[in-house]
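J.: Task: produce atomic coordinates for the following.
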Amino acid sequence: MGRCKAFLERKNVIFSAKRYGIDALGAMAQGLFASLLIGTILSTLGEQAGLPVFVEIAKYAQSVTGVAMAIAIGYALQCPPLVLFSLAAVGQAANVLGGAGGPLAVYIVATISAEIGKIVSKETKIDILVTPIVTIGTGVLLSMWVAGYIGQAASAVGGAIMWATELQPFWMGMFVSVIVGIALTLPISSAAICAALSLTGLAGGAAVAGCCAQMIGFAVLSYRENRFGGFIAQGLGTSMLQMGNIVKNIKIWIPAILTSAITGPIATCVFGLKMNGAAVASGMGTCGMVGPIGVYTGWIADIANGQKTGITAMDWIGLLFIAIVLPAVLTWVFGLICRKLGWIKENDLKLDL
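T.: Presented below is the predicted three-dimensional model:
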């Protein structure tokens, strides 16, 4: 047993929640962002601005979604070069065969293939043949056997959440908004979760609300400590920056969570805000304004397929209120209350920027 453990440590195969649940999952979201999501944004920009070259660029970006995710996962798992490069084929196979639940299939299959590839890497004199064959063979065979089932399971879970949100928009809007918002601030990837579950529609809108509540909320809440630099870093970057402070005093999380519990139902019940763009955008919030941009690309797609006649003033008002105005105002109010109660003290939200 000890010899096996030593061998795995030598091959840098470390079984841990951080490596698989944070590092690999977060990297997968970045790969998804750098392919499918960027492609979607460029395509929309090209169509709206009459720049067909952007649409062409977008097609190439979107076509390598599985490849980008798998290589990103391999990078996070610190794969040797031959393993890393071999994951391109694995990601393509898992994403295609996984269907709508492709991101989850890529995550599982690429992670397993990467670790097996690392185990055989540089163990033979013909490593140039053995490592790619084992990595690609393992990944593609796994994709053929299980990717479809993984994709179906992910789609079923995501579909159930979306169905429940349509059925009970108030309570499910609150639930999805709070849970996805919390995931955004935790050192896990809310974007990857939304992508894996193909979380779009009304549930996707609630997810956007929760993520914006956390990012804009913390940006406003901590303005007195972090000023403009902190506002930009959290409002357009990530609320994950506050994770260290949350560990020290979890009560600083109360204003943002309460805000997400309010903006989620408002998004679903009042404005009927839907995310019909790329599912990954549901979990991005105002990070680079990807969440609102995703909602906009969804509007354009709905107009193109006849599900929507045009973008109304109420659409824009709803998006502005859910993404910016309500998170800023509500979190500020809840923050004042928490400060008066002594739950949040001076410099509790201070960042080392």
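J.: show me where pLDDT drops low in the stretch 51-200 of the chain?
T.: The stretch 51-200 of the chain contains no residues with pLDDT under 70.
J.: Look up how far T124 lies from A89.
T.: Distance from A89 to T124, counting by Cβ to Cβ, to the nearest Å: 20 Å. For glycine as for every other residue, the C-beta is placed from the backbone atoms N, C-alpha and C.
J.: now the farthest one out in this protein, which residue is it?
T.: K125 (40.5 Å; Cα atoms, centre = their mean).
J.: of A89 and T124, who's got more company?
T.: A89 (20 against 11; other Cβ atoms under 10 Å).
J.: So for the more buried one, what's the nearest residue that isn't a sequence neighbour?
T.: Nearest in space to A89, with sequence neighbours left out and distances taken as Cβ to Cβ, 6 or more residues apart in numbering, is I136 at 4.8 Å.
J.: which other helices and strands contact the host helix or strand of that neighbour?
T.: In this structure, I136 sits in helix 127-142 according to DSSP states H and E. Where contact means 3 or more Cβ pairs under 8 Å, 6 or more residues apart in numbering; DSSP states H and E, helix 127-142 is packed against helix 81-98, helix 102-120.
J.: contacts for that helix?
T.: 70, 80, 82-83, 85-87, 89-91, 93-94, 109-110, 112-114, 116-117, 120-124 (Cβ atoms under 8 Å, 6 or more residues apart in numbering).
J.: Let me see the contact set for A203.
T.: Contacts of A203 (Cβ under 8 Å, 6+ apart): G158, I161, M162, A164, T165, M172, V176, S282.
J.: Apply 10 Å and report the result again.
T.: Residues near A203 by Cβ atoms under 10 Å, 6 or more residues apart in numbering: 158-166, 169, 172-173, 175-177, 180, 194, 197, 264, 268, 274-275, 279, 282.
J.: and L336, what does it touch?
T.: By Cβ under 10 Å, 6+ apart, L336 lies in contact with L221, P255, I344.
J.: Dump these to JSON lines, plus distance to W299 and pLDDT.
T.: Shown next, in JSON lines, are the contacts of L336 (distance: Cβ to Cβ, whole Å; pLDDT from 0 to 100):
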{"residue": "L221", "distance to W299": "30", "pLDDT": "95"}
{"residue": "P255", "distance to W299": "30", "pLDDT": "97"}
{"residue": "I344", "distance to W299": "38", "pLDDT": "93"}
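J.: Give me the subset of the residues you listed that lies in helices.
T.: Residues of the contacts of L336 located in helices (DSSP state H): L221, P255.
J.: May I ask you to confirm that M284 is in contact with L199?
T.: No - the criterion here is Cβ atoms under 10 Å, and M284 misses it with L199 at 11.8 Å.
J.: List the residues that are in contact with both of the two.
T.: S190, A207, V208.
J.: next one: phi and psi at the nearest residue to the last one once chain neighbours are set aside?
T.: Distances taken as Cβ to Cβ, 6+ apart place G291 nearest to V208, at 4.5 Å, with adjacent residues excluded. Geometry field for G291 lists phi and psi as phi -60, psi -60, criterion degrees, to the nearest 10.
J.: contacting residues for G291?
T.: G291 neighbours (Cβ under 10 Å, 6+ apart): 184, 191, 204-205, 207-212, 215, 275, 277, 281-285, 319, 322-323.
J.: quick revisit: burial-wise, tell me which of the helices and strands packed on helix 127-142 comes out on top.
T.: With neighbours defined by mean count of other Cβ atoms under 10 Å, none of those is more surrounded on average than helix 102-120, at a mean of 26.
J.: and the angle from that helix to helix 81-98?
T.: 150 degrees (axes from the mean of the first three to the mean of the last three Cα atoms, to 10 degrees).
J.: one step back: just confirm the residue farthest from the centre of the chain is within a strand.
T.: No - counting by DSSP: H, G, I helix; E, B strand; the rest coil, K125 is not part of a strand but coil.
J.: before we move on, the earlier item: could you redo the contacts of L336 as JSON lines and give each row distance to V247 and neighbour count?
T.: As requested, the contacts of L336 are exported to JSON lines (distance: Cβ to Cβ, whole Å; neighbours: other Cβ atoms under 10 Å):
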{"residue": "L221", "distance to V247": "17", "neighbour count": "31"}
{"residue": "P255", "distance to V247": "17", "neighbour count": "27"}
{"residue": "I344", "distance to V247": "15", "neighbour count": "24"}
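J.: could I get the contacts of L336 as JSON lines with distance to L330?
T.: Below are those laid out as JSON lines (distance: Cβ to Cβ, whole Å):
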{"residue": "L221", "distance to L330": "10"}
{"residue": "P255", "distance to L330": "8"}
{"residue": "I344", "distance to L330": "15"}
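J.: and of the contacts of L336, the nearest to M314?
T.: Closest approach between these and M314, by Cβ to Cβ: P255, at 27.5 Å.
J.: Can you read off the pLDDT for the closest residue to the closest one other than its chain neighbours?
T.: Using Cβ to Cβ, 6+ apart and skipping the chain neighbours, the partner closest in space to P255 is F334 (3.6 Å). With respect to pLDDT, F334 scores 97.
J.: F334: how many residues sit nearby?
T.: Residues within reach of F334, counting by other Cβ under 10 Å, total 20.
J.: related to what we said a few turns ago, distance of the residue nearest to V208 from L142?
T.: Taking Cβ to Cβ, one finds G291 at 33 Å from L142.
J.: Give me the three-state assignment for G310.
T.: G310 carries the three-state label coil when classified by three-state DSSP.
J.: So what's the residue count around it?
T.: A count of neighbours around G310, defined by other Cβ under 10 Å, yields 8.
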